[in-house]
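Visitor: Build the 3D model from these lines:
(one chain, ligands or ions: 1)
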Amino acid sequence: MSFPLCPFTDSRSNAAVNIQLFILMPDLGAEDVLTQGGKDIAFADYSPLWKNHRRLVHNSFTLFGEGSGKLQTIVQEAAEDLCEELRSCSGQSSDLSPVLMRAVTNVICRLVFSSSYQRNDPEFLTVMDYNDGIVQTIARGGLVDIFPWLRIFPNKDLKKLKQCVSVRDQLLHRKLLEHKMTLTPGEPRDLLDALLIGQMKGSGGEDDITEDHVLMTAAEAFGAGVETTSTTLLWTIAFLLHHPQVQERVHSELDECVGQARAPSLSDRSRLPLLDAVLCEVMRIRPVSPILIPHVAMQDTSLGGHSVPKGTRVLVNMWAIHHDPKHWDEPEQFRPERFLDASGRRVTPSSFLPFGAGPRVCVGESLARIELFLFASRLLQRFHFSVPPGASLPELQGRFGVVLQPQSYSVTVTPRH
Ligand code: HEM
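Guide: Numbers count the residues shown, from 1 in each chain. Next comes the predicted model:
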C-alpha cells in the first residue's frame, strides 16, 4: 500500500491515522532561547497555566477581532499602504515577499503594542531586522531545535539567534513599561494591555501568568503570525499565476459584489465564496505548517494500532491528510471548487485542517483568516498579477524554512482600474 508522503520529512505516514511518531529527545537550546523555556503558548506544556494563558490571548483576539472591527480597520489600513507600495512599482518585475512581510508585520505591531509605522521608521526596521534574523537562523538550523531529532543546532546560529532575541526582548520590554504607565484597567488598547490586565487579575494560584509570559506572548505573535500569513498570501499569488482563469473569475466576483468604489470588508466574505475557496485550496495544497507543531503523548495510549508510550513526540502529518486521495479527488490539482457546493456556497470538508484541531488548534486562526481575506480581496480588487515577460512561472514544489514557502519568484503587478 502506498501513502501520501510529506516531501519535507523522511518518514512514512500511517494512512489510517496520518500520524508520525518519534521518541522524545532532549531539547537542544534554540526553543528555550526563543521562549524563555516555554513561557509562550506554542511550546508550553499542557497545564492550568498554559490553559489560562491561552484563554487570555484567545479572548483578546476575539475582543479586537470580528466583534469590535478594530482588527478590520488595522488590516484595511495596512492593505491600503501595501497597495500604494505596489502601485509605485506597477509594470515592473517585483518580488512580493518583502512587501507582504512588511505589511503583515505592521498589522502585528499595531495589534500587539499599538505602534503604527512608516516603512522607513528606524524602530520598524529594527523589528523587521530581528524578526528576519530569528527566522533565518532557525531556518538555517533546519528547525533542529523545534524538531530536535534532526541534528545539533550550529553554534554560530545559536549565537546569532541569541543576539536577535536580545534586541527583540529589549524592545518588547520597553513597550511593556510604556504600557504599564498608561494602562487603564477595563480598557485594553492592544494585546499587551489585555495580557497585563490578565496578569493583574491573577489570584496568586499556579495558573497565574508572569511578566515574562506577557513578553513571550508578544514575541510569539510575531513568530507565529507573520511568516505563516505572508507566506500563505505568497502561495496564493503563485497559484493564481499558474491559473489565470481562476484569477479572472475572482476579479469578476469582486467587481460584481464589491465594485471599485470601496474597500472589501468582512461583511463581504459570505458574498465572495470563490475568493474564500481559493484561500482554502491554497492552504490545503500547500499548508505552511505541514507537520503542525510537535505534540507529546501525556499518557500511555495507542493510535491506529500503534502503541504510544507516555512522553512520545507525536507529529500530525497534515500534508498527508491534505493530499489523501481517499478524501480529495486528484489531490495534486489546484481546484478551489472543492470548497464550493453545487449552488456555489462555501463548504468545509472534514479533512481540511490547516490550523490543526483540538485544544492546541492555532489560537490565531480567526485573526489569520481575517488578515488573509482582507489582504487578498483588496489586492485582487485593485491589481492584476502576471508573470513578467521572459520569466518562468513560480516553482510550486516549495522549500522548508520556518514554514513551507515557495521558491522566490517575480511578478508583474498591473493596476486594474
Ligand atoms: C495562515 C496563517 C496561520 C496558519 C496556517 C497557522 C497554523 C497553525 C498551526 C498548524 C498550528 C499548530 C496546531 C497544532 O499543532 O495542533 C498553529 C499554532 C499556533 N498558532 Fe498559528 N497559524 C497561522 C497564523 C497565526 C497567527 C496570526 C497567530 C497569532 C498572532 C498564530 C499563533 C499560533 C499559536 C500561539 C499557536 C500555538 C497554539 C497552542 O499550542 O495552543 N498563528 N498555527
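Visitor: Quick check: residues of the stretch 101-250 of the chain near the ligand?
Guide: 220, 221, 224, 225, 228, 229, 232 (Cβ under 6 Å from any ligand atom). Placement of C-beta: from N, CA and C, glycine included.
Visitor: I'd like those laid out as a markdown table, including secondary structure, neighbour count and pLDDT.
Guide: Output for those, formatted as a markdown table (DSSP: H, G, I helix; E, B strand; the rest coil; neighbours: other Cβ atoms under 10 Å; pLDDT from 0 to 100):
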| residue | secondary structure | neighbour count | pLDDT |
| --- | --- | --- | --- |
| 220 | helix | 22 | 93 |
| 221 | helix | 24 | 95 |
| 224 | helix | 22 | 92 |
| 225 | helix | 22 | 95 |
| 228 | helix | 23 | 96 |
| 229 | helix | 27 | 98 |
| 232 | helix | 25 | 98 |
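Visitor: Pull the most distant pair out of those residues.
Guide: 220 and 232 (18.0 Å; Cβ to Cβ).
Visitor: For the ligand, give me its nearest residue in the stretch 1-150 of the chain.
Guide: Of all residues in the stretch 1-150 of the chain, the one sitting closest to the ligand is residue 42 (3.5 Å; Cβ to the nearest ligand atom).
Visitor: So that residue sits against residue 221, correct?
Guide: No: between residue 42 and residue 221 no contact is recorded; they are 10.8 Å apart, counting by Cβ atoms under 8 Å.
Visitor: Excluding chain neighbours, give the residue nearest to whatever residue of the chain ends up closest to the ligand in space.
Guide: Of all residues in the chain, residue 364 sits closest to the ligand, at 2.1 Å by Cβ to the nearest ligand atom. Excluding the flanking residues, the one nearest residue 364 by Cβ to Cβ, 6 or more residues apart in numbering is residue 225, at 5.4 Å.
Visitor: Quick check: the gap between that neighbour and residue 69.
Guide: As judged by Cβ to Cβ, to the nearest Å, residue 225 and residue 69 stand 19 Å apart.
Visitor: Helix, strand or coil: sort out residue 315 for me.
Guide: Three-state call for residue 315 (DSSP: H, G, I helix; E, B strand; the rest coil): strand.
Visitor: Might one say that it is in contact with residue 297?
Guide: No: judged on Cβ under 8 Å, residue 315 makes no contact with residue 297 at a distance of 11.7 Å.
Visitor: Do you know the pLDDT at residue 21?
Guide: Predicted confidence (pLDDT) for residue 21: 41.
Visitor: For residue 341, which residues are in contact?
Guide: residue 347 (Cβ atoms under 8 Å, 6 or more residues apart in numbering).
Visitor: And it, its phi and psi?
Guide: Per-residue torsions, residue 341: phi -90, psi -180 (degrees, to the nearest 10).
Visitor: Show the pLDDT at it.
Guide: On the pLDDT scale, residue 341 is placed at 96.
Visitor: okay, residue 315 and residue 297: which has more neighbours?
Guide: Taking other Cβ atoms under 10 Å, residue 315 and residue 297 do not tie; residue 315 has more neighbours (22 against 17).
Visitor: How are the strands of the protein distributed by residue range?
Guide: 19-22, 93-94, 295-296, 301-303, 306-308, 313-316, 383-386, 399-400, 404-405, 411-415 (DSSP state E).
Visitor: Quick check: which of the ones you listed is nearest to residue 340?
Guide: Among these, strand 383-386 comes nearest to residue 340, with 22.1 Å by Cβ to Cβ.
Visitor: That closest one pairs with which strands?
Guide: Paired strands of strand 383-386, with direction, are strand 411-415 (antiparallel) (DSSP bridges).
Visitor: what about residue 210, how many residues close to it?
Guide: For residue 210, the neighbour count with other Cβ under 10 Å is 14.
Visitor: show me what contacts the residue nearest the centre of the chain?
Guide: Centroid-nearest residue in the chain, with Cα atoms, centre = their mean: residue 228, separated by 2.7 Å. By Cβ under 8 Å, 6+ apart, the contact list for residue 228 reads 288, 289, 368, 403.
Visitor: The second one: what's its closest spatial neighbour, skipping adjacent residues?
Guide: Once flanking residues are discounted, residue 289 sits nearest to residue 403: 6.1 Å by Cβ to Cβ, 6+ apart.
Visitor: pLDDT score for the one you found?
Guide: For residue 403, pLDDT reads 88.
Visitor: What sits closest to residue 293 if chain neighbours are left out?
Guide: residue 42 (5.6 Å).
Visitor: start to end distance for stretch 322-331?
Guide: 8 Å (Cα to Cα, to the nearest Å).
Visitor: Adjust the sequence numbering to begin at 6 for everything that follows.
Guide: Sure thing, new numbering starts at 6, so read that last one as stretch 327-336.
Visitor: does the ligand sit close to it?
Guide: No: using Cβ under 6 Å from any ligand atom, stretch 327-336 never reaches the ligand; the gap is at least 11.2 Å.
Visitor: pLDDT averaged over that stretch, what's the number?
Guide: Per-residue scores along stretch 327-336 average to 97.
Visitor: Kindly report the same for stretch 260-273.
Guide: On average, stretch 260-273 scores 96.
Visitor: Pull the distance from it to the chain's centre.
Guide: 25 Å (Cα atoms, centre = their mean, to the nearest Å).
Visitor: Can you give me the end-to-end span of it?
Guide: So stretch 260-273: terminal residues 12 Å apart, Cα to Cα.
Visitor: Can you point out the buried residues in it?
Guide: Buried residues in stretch 260-273, counted by 16 or more other Cβ atoms under 10 Å: 262, 263, 268, 269, 270, 271, 273.
Visitor: Wait, the residue of the chain closest to the ligand touches residue 66, no?
Guide: Yes: counting by Cβ under 8 Å, residue 66 is a contact partner of residue 369 at 6.7 Å.
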